[in-house]
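In: Dropping a prediction and its sequence here:
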Amino acid sequence: MATLSDKIVIVGAGCFGVSSAYHLLKRGFADVTILDRSPILPAPDAASNDINRIVRSSYSDVFYANLAREAIVAWKNRSEWRDTYKESGVLVLGLTENEAYADKGYQNDITLGATLTQVADTAIRSAFPSKVPTATFGSKSGYLNKEGGWADAGQGITIMIDTVVSLGCKVLPGKSVRHITRNTGGKTNGVECEDGTFYEAATVIIASGSWTPSTFPDVTVGHTSGLSTGQCVAMIQLSEEEAEIYKDIPVVLDFETGFYIFPPTRKGIVKMAMHLAGYTHSNGGEISRPRTIIDDPIRGLAIPKYNVQQLRTHLRMVYPELAGKPFSATRLCWYNDSPDGNWIIGRVPGDPSLILATAGSGHAYKFLPVIGRLVADTVDGTIDPEVAAKFSIERSYVAVDESRLEMAVAELDLDQLCTLEDLQINSKT
């Protein structure tokens, strides 16, 4: 196993990367380096660099529910995270006999002592401030978990980068890793970057998020390192008066439809998205890779026209008045998905010096304060065997992602991306 004097190189300065560095440094590892392809950190096109991310403990899997509650306690430490975390509450919809994920999440929250209020039909209105105009919600049901909310994702990553630097980590932007280097015995001994620089390491941790499958296609021969998928996001700019009205709303997360929406940010921006199977971008090849504003500065943030209409339709079912406003922006947020929705954390078979920490599957960010502990446990050999098996590269994918059942991935059609005109109000939406 690793010793505290070992050189550790982490590829990627996102959620997995910086959290891993933090926990390794806190354990006394003295030589930790983070390399990131982006010349600016946090990377402008990284999923972890966003205006907000949901922080919830409502999981059908009690492991995640427990870990999320631990993360929420950490988020509340303002001496470390300042005002990154906003405890707005999370309204979970889809609590029916047909929505097993939400039902299990509710039971786990109850068992773990969360403060919940169950609501149904028109009573759902009680989860919102009285001055907020909402839809009637029909026959929906769900519950309000007051011990949750959202985090300013970009701010959280920035704080953790600053923290690991203060602990002695070398964080090097603008370093695109070309390939993993190996010794004559075939074991990883470092990485080589596109600029020709070499970084020796006793342990290399690949934490490159949705870029993992395309950047390191041969790392896990015979096993998956995830699937890069784009998820559709849209935003609305509120006036100061509107922001004042909506400022105290909860996060709304509907597991029946996949739609979720946040309270306004301090700049009055309301973000909404769909938690679906998403889009691949294979571009005629076999491996999907992110397509972002870095690749296409003009249309790199555009989402398919269909999803613009889809988001507005679901918005109308929660906040009908906001559905009458134009979208101010869109984004394809790129995830690295595993087949079962569990993360991939573990040593690469046959190469103990190489560790994967990836496949956030759209739900890793909320664990930023604690997720790196699992990686540090892997590095120093203290990880619980059951946890190691859960996230193993070699695991059998007999389960599926319960939060995205009966959803199929589609290839992104660049000819169907939205224009600025599509973001306005028209008769089709």
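Out: Yep, that arrived.
In: In this structure A74 contacts I371, no?
Out: No. A74 is beyond contact range of I371, at 10.7 Å (criterion: C-beta atoms under 8 Å). From N, CA and C alone the C-beta is placed, and that goes for glycine too.
In: If you count surrounding residues, which of these two has more?
Out: For A74 and I371, the more surrounded residue by other C-beta atoms under 10 Å is I371, and the numbers stand at 24 against 14.
In: For the more buried one, which non-adjacent residue is closest in space?
Out: Spatial nearest neighbour of I371, excluding adjacent residues (C-beta to C-beta, 6 or more residues apart in numbering): S19 at 4.9 Å.
In: same question, S58
Out: Leaving aside its chain neighbours, S58 sits nearest to G105 (3.7 Å; criterion: C-beta to C-beta, 6+ apart).
In: Surely that neighbour is within a helix?
Out: Yes. Under DSSP: H, G, I helix; E, B strand; the rest coil, G105 sits within a helix.
In: thinking again about what came up before, ok, the residue nearest to I371 - contacts?
Out: Contacts for S19 were tallied using C-beta atoms under 8 Å, 6 or more residues apart in numbering; they are 160, 367-373, 375.
In: again, but for K140
Out: Contact analysis of K140 by C-beta under 8 Å, 6+ apart lists 93-94, 120-121, 124, 254, 256.
In: do A410 as well
Out: Contacts of A410 by C-beta under 8 Å, 6+ apart are 277, 279-280.
In: what about the strands in the stretch 251-400 of the chain?
Out: Assigned by DSSP state E, counting those that start in this stretch, the strands in the stretch 251-400 of the chain fall at 251-254, 259-261, 269-274, 279-280, 329-337, 344-348, 351-358.
In: partners of the second one in the sheet?
Out: Taking DSSP bridges as the criterion, strand 259-261 forms sheet pairs with strand 251-254 (antiparallel), strand 269-274 (antiparallel).
In: In JSON lines: the ones you listed, plus mean neighbour count and mean pLDDT.
Out: Formatted as JSON lines, the strands paired with strand 259-261 follow (neighbours: other C-beta atoms under 10 Å; pLDDT from 0 to 100):
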{"stretch": "strand 251-254", "mean neighbour count": "25", "mean pLDDT": "97"}
{"stretch": "strand 269-274", "mean neighbour count": "22", "mean pLDDT": "98"}
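In: now those strands in JSON lines, with distance to S403?
Out: Formatted as JSON lines, those follow (distance: least, C-beta to C-beta, whole Å):
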{"stretch": "strand 251-254", "distance to S403": "10"}
{"stretch": "strand 269-274", "distance to S403": "12"}
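In: Nearest to I180, out of those?
Out: Taking C-beta to C-beta as the criterion, strand 269-274 is the member of the strands paired with strand 259-261 that comes nearest to I180, at 33.4 Å.
In: Out of the contacts of A410, grab the one that's most surrounded.
Out: Per-residue neighbour counts (other C-beta under 10 Å) across the contacts of A410 peak at Y279, which has 22 neighbours.
In: Tell me the pLDDT of that one.
Out: For Y279, the pLDDT comes out at 97.
In: what pairs with it across the strands?
Out: G230, A410.
In: ok, it touching M407?
Out: No. Assessed by C-beta under 8 Å, Y279 is found out of contact with M407, at 11.6 Å.
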